[in-house]
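1. sequence isn't available, so here's the structure alone:
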């Protein structure tokens, strides 16, 4: 039997979508959604903040088959909040009242709601010194960056790392984590964001509006190129900017992979082709991947960034939990002009 705080509401507010389309076409506010039931090893979290990622509005395009998605989808995969109920098979990691953060699964309801159910294994404790808004900013990107730099890139102290899109939500964490792990970091961003990327620790910053990074570095300078924007030029010039033993790690494809199921197939074929070419040419490794929630990995990244490196999440802006404000947040995310993460404050 689940244990819970007394006096939990029977209905809650949630931003949701049912049919595929653009955020302003499909998102609506449900003011009487049912409180999620807590079963098994799940916990119920009162959500205080949730963060946007490009995958949130890409999922709305309809590229993922309907059978893999809930009928009513609540967007946003990042949350922070307080544990208010614990399922009968949970309670090993958290207790009621604990402040936690988590990345949710793609095929479950998300964070733009007052309460959400999470598998206990996916959460980690929120650092005391971070606000709920800061804690919500990092679960997906921190897990992604750890997999990119550690899992795929094999980062070591002294490595030279190039971060493409260094001022964005993922890129800022890429710079911060690479520095925390002892790398020499070169960040690529626009003119307006050069100082920001310097401030978060980059050893060098390249303004892509005035300098072509593939022409500036032509002596196989880098051990890892972390491409957060899906630049075709980086793939074409990979052998001139990367050491033969290096790795090109990408989290964005050249096409919008989630537009339709056909795009997913096309992207998969492209990944296989790029990997084969890299192997046949005995060149740098090639990795394009999707990340999945992992509470243990999230705990490792939080420890490195919070306790070891003493760095904080970079937040572009915080929006209110109203439909007009949430739509404005999605518009900002789609503009790709955010400096850090976009967060919605729930409570």
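-> Yep, that arrived. These numbers were taken from a predicted model, which means no experiment stands behind them.

2. against residue 177, how distant is residue 69?
-> When distance is defined by Cβ to Cβ, to the nearest Å, residue 69 is 30 Å away from residue 177. Placement of C-beta: from N, CA and C, glycine included.

3. neighbour count winner among the two?
-> Higher neighbour count among residue 69 and residue 177: residue 177, with 28 against 15, using other Cβ atoms under 10 Å.

4. surely that one forms part of a strand?
-> No - assessed with DSSP: H, G, I helix; E, B strand; the rest coil, residue 177 is helix; it does not lie in a strand.

5. what's the domain layout of this protein?
-> When the chain is parsed with automatic domain parsing, its domains come out as 3-137+314-345, 140-288.

6. nearest to residue 304, out of those?
-> domain 140-288 (5.2 Å; Cβ to Cβ).

7. the domains of the chain: lowest mean pLDDT?
-> Mean pLDDT values for the domains of the chain show the minimum at domain 140-288, a mean of 85.

8. list the contacts for residue 48?
-> Listed by Cβ atoms under 8 Å, 6 or more residues apart in numbering, the contact partners of residue 48 are 80-82, 132, 136, 345-347.

9. who wins on neighbours among the residues you listed?
-> Using other Cβ under 10 Å as the neighbour test, the contacts of residue 48 are led by residue 136, with 33 neighbours.

10. now do the strands in the stretch 101-250 of the chain.
-> Secondary structure of the stretch 101-250 of the chain (DSSP state E, counting those that start in this stretch): strands located at 115-119, 123-125, 160-164, 184-189, 204-207, 222-227, 242-250.

11. could you work out the end-to-end span of stretch 204-224 for me?
-> Start-to-end span of stretch 204-224 (Cα to Cα, to the nearest Å) is 15 Å.

12. and if you look at stretch 98-115?
-> Criterion Cα to Cα; first-to-last residue distance in stretch 98-115 is 15 Å.

13. could you list the buried residues of it?
-> 98-104, 106, 108-115 (16 or more other Cβ atoms under 10 Å).

14. hang on, the earlier thing: out of the domains of the chain, nearest to residue 297?
-> domain 140-288 (5.4 Å).

15. what pairs with the spatially closest residue to residue 4 that is not a sequence neighbour across the strands?
-> Distances taken as Cβ to Cβ, 6 or more residues apart in numbering place residue 85 nearest to residue 4, at 3.4 Å, with adjacent residues excluded. When bridges are called by DSSP bridges, residue 85 pairs up with residue 4, residue 44.

16. which element, helix or strand, includes the spatially closest residue to residue 142 that is not a sequence neighbour?
-> What sits nearest to residue 142 in space, not counting adjacent residues and going by Cβ to Cβ, 6+ apart, is residue 301, at 4.2 Å. With the criterion set as DSSP states H and E, the secondary-structure element containing residue 301 is helix 295-302.

17. who's residue 224 bridged to?
-> residue 161, residue 247.

18. residues contacting residue 157?
-> 181-183.

19. how much space between it and residue 5?
-> 45 Å.

20. one more: residue 28?
-> Taken as Cβ to Cβ, the spacing of residue 28 relative to residue 5 amounts to 28 Å.

21. looking at the two, which one has more neighbours?
-> The residue with more neighbours, out of residue 28 and residue 5 and counting by other Cβ under 10 Å, is residue 5; that gives 13 against 10.

22. tell me the spacing between the more buried one and residue 122.
-> For residue 5, the distance to residue 122 equals 20 Å [Cβ to Cβ].

23. so which residues of the stretch 51-200 of the chain form helices?
-> Per DSSP state H, counting those that start in this stretch, the stretch 51-200 of the chain has helices spanning 54-59, 132-136, 139-146, 169-180, 194-199. These are given in chain order.

24. and of those helices, who's closest to residue 43?
-> Distances from residue 43 to each of the helices of the stretch 51-200 of the chain were compared using Cβ to Cβ; the minimum, 15.0 Å, belongs to helix 139-146.

25. pull the residues that contact that closest one.
-> Outside helix 139-146, the residues within contact range by Cβ under 8 Å, 6+ apart are 51, 53, 55, 77-79, 101-103, 169-170, 173-174, 177, 226, 251, 291, 293-294, 297-298, 300-302, 305, 341.

26. got the angle for that helix vs strand 242-250?
-> For helix 139-146 against strand 242-250, the angle between stretch directions is 160 degrees (axes from the mean of the first three to the mean of the last three Cα atoms, to 10 degrees).

27. chain center to helix 139-146, what's the gap?
-> Computed by Cα atoms, centre = their mean, to the nearest Å, the chain-centroid distance of helix 139-146 equals 5 Å.

28. could you check the angle that helix makes with strand 222-227?
-> Relative orientation of helix 139-146 and strand 222-227, computed by the same axes, to 10 degrees: 150 degrees.

29. quick check: closest non-adjacent residue to residue 129.
-> Residue nearest to residue 129 in three dimensions, not counting chain neighbours: residue 306, with 7.4 Å by Cβ to Cβ, 6+ apart.

30. contacts only, for that neighbour.
-> Under the criterion of Cβ under 8 Å, 6+ apart, the contact list for residue 306 reads 127, 129-130.

31. is it in a helix, a strand, or coil?
-> In the three-state summary, residue 306 is assigned as helix, counting by three-state DSSP.
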